[in-house]
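Predicted structure and sequence below. I'll ask about it afterward.
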Amino acid sequence: MIEVRAISKRFGQVRALESASFSCPDGKITGLLGPNGAGKSTALRILYTVIRADSGSATIDGLDVHRDSLRVRERIGVLSDGAGLYPNLSARENVAYFGRLHGLSGRDLNARIDQLVELLDITGFADRRAKGFSHGQRTKVALARALVHRPPNLLLDEPSNGLDVMATRTLRDLLRRVRAMGVCVLFSSHVMQEVAALCDEIVIIDKGHVAACGSPDGLRAASGKDSLEDAFVSMLGSGEGLA
Amino acid sequence: MTRRLGIVFRKEILDNFRDRRSLTSAMIFGPLFGPVLFAVMISFALDRVVSSEDALIRVAVSGAEHAPNLVEHLRRSNADIVATDVDLEQARKMVASGIEDAVLCIPATFAEEFAAGRPAVLQLVSDSANSAAEEGVRRIRLMLGAYAGRIGALRLQARGVSPAVTIPIAIDEVDVSTPAGRSVLLLGMMTYFIIFSMLMGGLYLAIDSTAGERERGSLEPLLTLPVSRADLIVGKILATAVYMVTALAVTLFVFAVVLTQVPLEDLGMTSNFGPGTALGIFILMLPFALLGAALMTCVASFTRSYKEAQTYLTVVLLVPTLPILFAALNTVRPSTALMLVPSLSQHLVITGLMKAEVVPISYLLISFISTLVLGLLLTGLATRLYRRESLLG
């Protein structure tokens, strides 16, 4: 369960977020939709504790992301922009390193990695060094790494960026599966179709402001449009920067 | 807490170990470069010492038949007389073109003037711009001077005058420099080579674990883990220090092997760079590993990319030379205060050990502790730098 209350963040003269508020319930997939530069990544980075909001507060499972950051980090799995694997470690070792830092070890850790390797279809390259991985392979390993400690909250920054059709399907299946286990999933995207296809809750964000949020049906009703994509465009003023 | 630090430490050790190219440069080229260059330089220095003392010196002499006594004197003073038959103009050309370092021309009038008691003129043709010939020409001049002095003294005696009257003052030069003292510059190089190969040993990892991690995009996911940033950075610094210590051990081993091939005693250094000296240097340099690792990590954490980090760290490689250079140029004597200066203190102690001097144990302790304390302070600074938001770029 993620709750964001009136957070603002500026970088120098740039206002990345202005009093943004939204929440993401457990067992649901929430999509953060907005054009590039809308503040999606900033919001996610504040939630996964690597940067600090200038004002406002955010909690994950009731824990403040700034004051309780270490405990928050135990309860989140993160896929940041650009998977960022260690090229000299194998896929399995990359996942194991994060698992160990989450406090897993021994048979427990190995069993969990085996499970993820199968679930994400990593088997073919699990023991190869990450150096030559394709973008899709890297994303899969980074996802396994984010899930290794069974986090109750999963935060993904543009997860489908640059993935091919098959990898995108694997990703969607995985997110649905994780949702079924009661995980709170929050992902950002600038692809309307993806958000429309996958999300139970949608937060539309533009120029640092939350333009609208709600279920797909709710958004359609509020905008008076039949198609969800028309609803997005009408709420953002234009479809610019979206795909 | 410490368990997680250990996990980070082990991962960095493994990660760096698998990068064969950087490992080769850190563990083989770095440690080999210093000792081998050092040995070459020492051999060079020894060569010069030997050649300037007794080596046979080649002197081309034209008109040797006009002054057989003089030529005999030169021969006895270790000159290798090569008789030539050239006039002054030809001699000039020979020297200018470098065929001969020096040509001594004895004119046909020499014997006549000599017999008449007038200054007999000789021509010594040399090229003062040729520094390689300088030492030889200086020796020829000395030989000629010695001959002239002897003849002068004989002439005075023949006239019943003591030659001593022509020597109003006598200078008795007392040179307190020892061969060991003169070799201080070389020893300075040795300390720097040790420090250099240590820094090289940790350089790659220091860059990779900060700027590299950021450039690759693996830093951000790492910072979302329930691990304190202190654990992360200290784990990385310790792994860097371990590679530096390994490089140190390799370097000392290579030094020990290489120096057995060089006659160090001719330069007044301990002839055996034995296990005792090596162990002493090893222990002395240990805290420098932490200092160097923390320093490189601090510098690298300011940089935005791998390339930028490399550029700045090249400057860091030069920093430890500054105190050593200062010491070498000013012939600094070891003192308690100087033991507080890292790199300088190691240099002074290593120099002492190599010269088989007695190094006070307090010097060792002060050097060890002050370097360690500075290393810990820099580790603290690195931790603070790692907490900054701008770390992510």
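Received the coordinates, thanks. Numbering: from 1, shown residues only, chains lettered A, B, ... in the order given.

Chain A contacts on the stretch 1-150 of chain B?
Within the stretch 1-150 of chain B, the residues that sit near chain A (Cβ under 8 Å from any Cβ of the partner chain) are B:4, B:7, B:8, B:11, B:14, B:15, B:16, B:18, B:19. No exception for glycine: its C-beta is placed from N, CA and C like everyone else's.

Dump those residues into JSON lines; add neighbour count and distance to residue B:82 as well.
Below are the residues of the stretch 1-150 of chain B next to chain A laid out as JSON lines (neighbours: other Cβ atoms under 10 Å in any protein chain shown; distance: Cβ to Cβ, whole Å):
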{"residue": "B:4", "neighbour count": "19", "distance to residue B:82": "78"}
{"residue": "B:7", "neighbour count": "22", "distance to residue B:82": "76"}
{"residue": "B:8", "neighbour count": "24", "distance to residue B:82": "72"}
{"residue": "B:11", "neighbour count": "23", "distance to residue B:82": "71"}
{"residue": "B:14", "neighbour count": "15", "distance to residue B:82": "67"}
{"residue": "B:15", "neighbour count": "20", "distance to residue B:82": "66"}
{"residue": "B:16", "neighbour count": "21", "distance to residue B:82": "61"}
{"residue": "B:18", "neighbour count": "17", "distance to residue B:82": "64"}
{"residue": "B:19", "neighbour count": "17", "distance to residue B:82": "60"}
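
In helices only, show me those residues.
With DSSP state H as the criterion, helices contain B:4, B:7, B:8, B:11, B:14, B:15, B:16, B:18 from among these.

now residue B:281: how far from residue B:197?
12 Å (Cβ to Cβ, to the nearest Å).

no, scratch that, I was asking about residue B:20
For residue B:20, the distance to residue B:197 - Cβ to Cβ - is 18 Å.

mean confidence for the helix or strand in which residue B:248 is found?
With elements taken from DSSP states H and E, the one containing residue B:248 is helix B:229-259. Mean pLDDT, computed over helix B:229-259, is 92.

How is chain B partitioned into domains?
Domains of chain B are assigned by automatic domain parsing as B:2-48+B:181-392, B:56-174.

Which residues of chain A lie near chain B?
Neighbours of chain B within chain A, by Cβ under 8 Å from any Cβ: A:45, A:48-52, A:70-71, A:73-74, A:76, A:78-89, A:97-98, A:100-103, A:129, A:142, A:145-146.

Which of the residues you listed fall in helices?
A:45, A:70, A:71, A:73, A:74, A:97, A:98, A:100, A:101, A:142, A:145, A:146.

tally of neighbours for the second one?
Yep, that's residue A:70 we're talking about. Applying other Cβ atoms under 10 Å in any protein chain shown, we find 12 residues neighbouring residue A:70.

That one reaches residue B:224, doesn't it?
No - assessed by Cβ atoms under 8 Å, residue A:70 is found out of contact with residue B:224, at 10.9 Å.

Residue B:367 in helix, strand or coil?
Residue B:367 falls in the helix class when you classify it by DSSP: H, G, I helix; E, B strand; the rest coil.

about what we covered before: starting at the chain centroid, how far to the following helix or strand past the helix holding residue B:248?
Following helix B:229-259 in sequence order, the next helix or strand is helix B:275-301 (DSSP H and E). Using Cα atoms, centre = their mean, to the nearest Å, the mean C-alpha position of helix B:275-301 is found 20 Å from that of the whole chain.

and if you look at stretch A:185-195?
Distance of stretch A:185-195 from its chain centroid, counting by Cα atoms, centre = their mean, is 9 Å.

How about stretch B:318-330?
Counting by Cα atoms, centre = their mean, stretch B:318-330 comes out at 11 Å from the chain centroid.

Average pLDDT for it, rounded please.
For stretch B:318-330, the per-residue pLDDT averages 81.

who's in contact with that stretch?
Contact partners of stretch B:318-330, identified using Cβ atoms under 8 Å, 6 or more residues apart in numbering or on different chains, comprise B:184-185, B:188, B:191-192, B:195-196, B:199, B:332, B:341-344, B:347-348.

Stretch A:178-186 too?
Stretch A:178-186 has contacts (Cβ under 8 Å, 6+ apart) with A:1-2, A:24-30, A:32, A:44, A:47, A:147, A:151-156, A:175, A:200.

can you tell me which of those residues are in strands?
Those of these mapping onto strands are A:2, A:24, A:29, A:30, A:32, A:153, A:154, A:155, A:156, per DSSP state E.
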